Structures are given as C-alpha cells and as structure tokens.
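J.: Coordinates for the following, if possible.
(chains A and B)
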Number of protein chains: 2
Amino acid sequence: MLRTSNPFPIVVSGPSGAGKTTLVDRLLIADPLIRRSISTTTRAPRPGEQEGHDYFFVDRREFERLKVSDMIEWAEVHGEYYGTRRAFVVSQLTSGRDVLLNIDIQGADKVKRVFPGAVMVFILPPSFADLERRLRGRGDVSAEDLQVRLANARAEINASIRYDYVVVNDDIERAGGELRAVVAAERCRRARKTQEFIDRVTR
Amino acid sequence: MLRTSNPFPIVVSGPSGAGKTTLVDRLLIADPLIRRSISTTTRAPRPGEQEGHDYFFVDRREFERLKVSDMIEWAEVHGEYYGTRRAFVVSQLTSGRDVLLNIDIQGADKVKRVFPGAVMVFILPPSFADLERRLRGRGDVSAEDLQVRLANARAEINASIRYDYVVVNDDIERAGGELRAVVAAERCRRARKTQEFIDRVTR
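T.: Residues are numbered from 1 along each chain as shown, chains lettered A, B, ... in the order given. Next up is the predicted model:
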C-alpha cells in the first residue's frame, strides 16, 4: 500500500471567493496520498450524501458528547453543528495519509494547537478588487451580505500572518503547482524525518 | 526583467557521491531565477575558464584582504584559497535572483549565519552501501582515500540535522522534482512576503 512516511495535516484557509475549493479539489486529485478531512455534523443528510464520504452524521446528543471528548474544532451554522474529530484525523495519519482540512482561521488555529506539525497554507486572491468581483459574480449575494463577506475577507487576510505559506490564486495552474510544491517540500523537511530514516542512510 | 520578489540563498550540501552536482545543474537549467554562486580563488585559471563565469580569480594578497572584509566562508585546498564573497551573493539577491551555493557543511553554517533566510538542503544517497558503490565506481579513488571519504560522508550525514530539508537521491527525476518543489514552496513562505505584498491584496 502506498503511504507517506511522515504524514501531517495540511490546513488550507482563505477568504470566500479566493478559489480555495477548486485548488483543494485539484490537489486531492493530483495526490492520492492526501485525504480530505470529513466533518461530523448534526444536520440531516441531503439526497445522495453518504455517511463517511460527505459527512459523519450524528445526533445532537452525540455531538455534544464529542465536543467535549474528541472535537478539534467545531462551529454552529444555522442551528446545526459542524466539527472535525481528532480520532478521524489521527486514523488517517496513522494509515500513512496526509489530511487536508479546508477550514477557517479560527478552526485552523485549533488544528495547529492539536497538531503542531500541521502545514498552514493561506490562499489569497490576486487583489481585493478581484475578490469583490468574484463574490459579486456569484449573483446570489445581497449587497448587505457582500459587505459582510468583504469585511470578513479583509480580517482573514490580515490574520494570514499566522500561516506558513501564502499562495496567490492569480492563475489556477500556477497556484495549483505551488500548493503541490508546498506538500512535496514539506515531505522533505528534515524535522519530519525519523531517526530510523537517518540510520538507514548512514549504515 | 524576470525577478523573484523575495530572493534567498539556497544552500545545497551532501556527501561526495550523492549526486549533488547533477541535481544542482538540473535545478539551474530548470529555473532561470536561480543563479549559481561563483567562488573567488587564488588558483590560476585553467584553459577555457572565464573570469566571473567559472571563478573570480584574485591574487593571494587580494584574497587575504577579502578574507577579512568580505568572505562569508573560505577554505584552503592544496595550497590555494577558495571562498564565497558576500558582495557577490548580495548583488545577485538585490537583482532579484535566488543564489545557489553548492557547499560543504562548515561553509553552509557560515552562510546561514550571514543570511538567516537561507534555505538549507541536504542531498542524501539512498543508502550508505549505494554511496560506497558510487565512490568505488569512480575508479580513481585509492583504498585509503575511499575510507577517508566514507568517514567524512558519515560525519556529514549526521550533521544534516541542521538542514531544513533532506532530498534522497534514489531517482534523479524524483529527487530533482523535490529540489524544485523546495524552492517553489520557499517562495510561498509567509515569512518571506513583504508588508507591501499583503497591502496589495487587502486594498
């Protein structure tokens, strides 16, 4: 079985409209050693959604229990809980997979605290004007909602100082290549190599 | 003119026989934004060698002066001096080029002290047996010389703990890709981005 010898969580954040989802989807297709983190939620499955593929579906009582015992990060959105289970991330890492978490800056901070070896990547739009144009282009965004999103985006970008890497999504091919390079380089980090690895080459 | 916005020195070290020179040559061909560091030496030019291309040729008195005022690192080999001028590295960085230094571990430590932002990459053979085979295969190495080189290699590999990255040269294509990925990823490092860069995307 293919496995990476020193798996780590990869945290990808960025403002809505920066093209994060497309970049993440491409990375997952390009690199079979990376698995997407699957969230746990209290909301009901939508038609076609599968347990353990799209989400882990649990009831409210179970989520309350997990919040205390196993959630790295969680949030309540429109009255439903969404969160990331430590047990899930650990099981993927143990099986030799890097785990990709597409997550906001608050969640990212929590992941870094639990997994100090996590790689933190922030996706940036080429300019703020470009971000505004992309958000307007979605059509379903009210003027008020747009202002909230732009304010959030500005705050998020300023918080990107806590990330290890920034990838500017001005060209999807180039940005995709940079994201793959970050993962490839991090796999070469001396600090991630075990003593067994060093012993192997000096004997 | 093409230039990288946040140039840095790239230090590549590794034991003799690990395939370092081939990897470095390939990186320089693949990436026109990286320049090879050109050493200064007291030895006479060999036929075909050009000033400022192969070496900077200086006399002994000039080298003694530079040792005090401008040499990041230097060594005496077979009675001749070889060294790296700080002024040369700085001029390349200032013109927007990353500077690649193929240098031993002692020299590497000195580069890191002068340029804390330098990226340190150590090239490893796939195994020690492989390294021995490659050194023997060179033919012109005496049994005694071989033992010295192997002892040096073991000491160098143990010192690789001070490097940021290790690239195992078991396959030249894969190792070359890893070296390119390290450079590409380091260009995305948040810590290398200027405030102007961040301002540009938040305005």
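
J.: What residues does residue A:197 make contact with?
T.: residue A:5 (CB atoms under 8 Å, 6 or more residues apart in numbering or on different chains). Where C-beta positions appear, they are placed from N, C-alpha and C, glycine not excepted.

J.: Can you tell me the SS state at it?
T.: With DSSP: H, G, I helix; E, B strand; the rest coil as the basis, residue A:197 sits in helix.

J.: Make sure I have this right: residue A:76 is in a helix.
T.: No. Counting by three-state DSSP, residue A:76 is not part of a helix but strand.

J.: Could you tell me how many residues sit around it?
T.: Neighbour count for residue A:76, taken as other CB atoms under 10 Å in any protein chain shown: 11.

J.: What residues are bridge-paired with it?
T.: Counting by DSSP bridges, residue A:76 is bridged to residue A:81.

J.: May I see the buried residues of the helix or strand of chain A with the lowest mean pLDDT?
T.: Here the helix or strand of chain A ranked lowest by mean pLDDT, DSSP states H and E is helix A:195-202, holding a mean of 73. For helix A:195-202, the buried set under the neighbour-count rule, 16 or more other CB atoms under 10 Å in any protein chain shown, comprises A:198, A:201-202.

J.: just those residues that are near chain B?
T.: A:198, A:201-202 (CB under 8 Å from any CB of the partner chain).

J.: Present those residues as CSV; the columns should include distance to residue B:19.
T.: As requested, these are exported to CSV (distance: CB to CB, whole Å):
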residue, distance to residue B:19
A:198, 18
A:201, 13
A:202, 17
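
J.: Around chain B, which positions in chain A sit nearby?
T.: Residues of chain A lying close to chain B (CB under 8 Å from any CB) are A:121-122, A:124-128, A:154, A:157-158, A:160-161, A:163-168, A:177-178, A:180-182, A:184-190, A:193, A:198, A:200-203.

J.: Helix or strand: which one has residue A:130?
T.: Residue A:130 is part of helix A:128-137 when elements are defined by DSSP states H and E.

J.: Tell me what angle that helix forms with helix B:195-202.
T.: For helix A:128-137 against helix B:195-202, the angle by axes from the mean of the first three to the mean of the last three CA atoms, to 10 degrees is 20 degrees.

J.: which other helices and strands contact helix A:128-137?
T.: Helices and strands touching helix A:128-137, by 3 or more CB pairs under 8 Å, 6 or more residues apart in numbering or on different chains; DSSP states H and E, are helix A:143-159.

J.: For the helix it packs on, which outside residues touch it?
T.: For helix A:143-159, the external contacting residues (CB under 8 Å, 6+ apart) are A:13-18, A:104-105, A:122, A:124, A:128, A:131-132, A:135-136, A:141, B:198, B:201-202.

J.: Could I have the CA atoms of the helix or strand that comes right after that helix written out in PDB?
T.: For helix A:143-159, the following helix or strand on the C-terminal side (DSSP H and E) is strand A:165-168. Output of strand A:165-168 as PDB, limited to C-alpha atoms (Å, rounded to 0.1, in the frame of the first residue of the first chain):
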ATOM      1  CA  TYR A 165       2.600  29.700   3.300                       C
ATOM      2  CA  VAL A 166       0.600  32.000   1.100                       C
ATOM      3  CA  VAL A 167      -0.500  31.000  -2.400                       C
ATOM      4  CA  VAL A 168      -1.800  33.800  -4.600                       C
END
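
J.: In strand A:165-168, which residues are buried?
T.: Residues A:165-168 are the ones in strand A:165-168 that count as buried (16+ other CB under 10 Å).

J.: The strand or helix carrying residue A:123 relative to helix A:143-159, how many degrees between them?
T.: Following DSSP H and E, one finds residue A:123 within strand A:119-124. Between strand A:119-124 and helix A:143-159, the angle formed by their directions is 130 degrees, by the same axes, to 10 degrees.

J.: and strand A:119-124, what does it pack onto?
T.: When contacts are defined as 3+ CB pairs under 8 Å, 6+ apart, strand A:119-124 packs onto strand A:9-13, strand A:165-168, helix A:172-187.

J.: ok, now how distant is residue A:20 from residue B:32?
T.: Taking CB to CB, to the nearest Å as the measure, residue A:20 falls 30 Å from residue B:32.

J.: what does residue A:133 give?
T.: For residue A:133, the distance to residue B:32 equals 33 Å [CB to CB].

J.: between the two, which one's more packed in?
T.: A side-by-side neighbour count of residue A:133 and residue B:32, using other CB under 10 Å, places residue A:133 first with 12 against 9.

J.: got a list of what residue A:83 touches?
T.: The contact partners of residue A:83, by CB under 8 Å, 6+ apart, come to A:39-41, A:63, A:66-67, A:71-75.

J.: Now, of those residues, which are buried?
T.: Applying 16+ other CB under 10 Å to the contacts of residue A:83, the neighbour count classes A:39-41, A:63, A:66, A:71-74 as buried.

J.: Okay, and which of these map to helices?
T.: Those of the buried ones among the contacts of residue A:83 mapping onto helices are A:63, A:66, per DSSP state H.

J.: How about the contacts made by the closest residue in space to residue A:37 that isn't next to it in sequence?
T.: The shortest distance from residue A:37 to any non-neighbouring residue, by CB to CB, 6 or more residues apart in numbering or on different chains, is to residue A:101 (4.4 Å). Shown in contact with residue A:101 (CB under 8 Å, 6+ apart): A:9-12, A:37, A:84, A:89, A:107-108, A:111.

J.: Equivalent analysis for residue A:107, please.
T.: Residue A:107 touches A:72-73, A:75, A:84, A:101, counting by CB under 8 Å, 6+ apart.

J.: and what of residue A:125?
T.: A:15, A:17-19, A:131, A:134, A:168-169, B:201.

J.: Distance of it relative to residue A:154?
T.: 11 Å.
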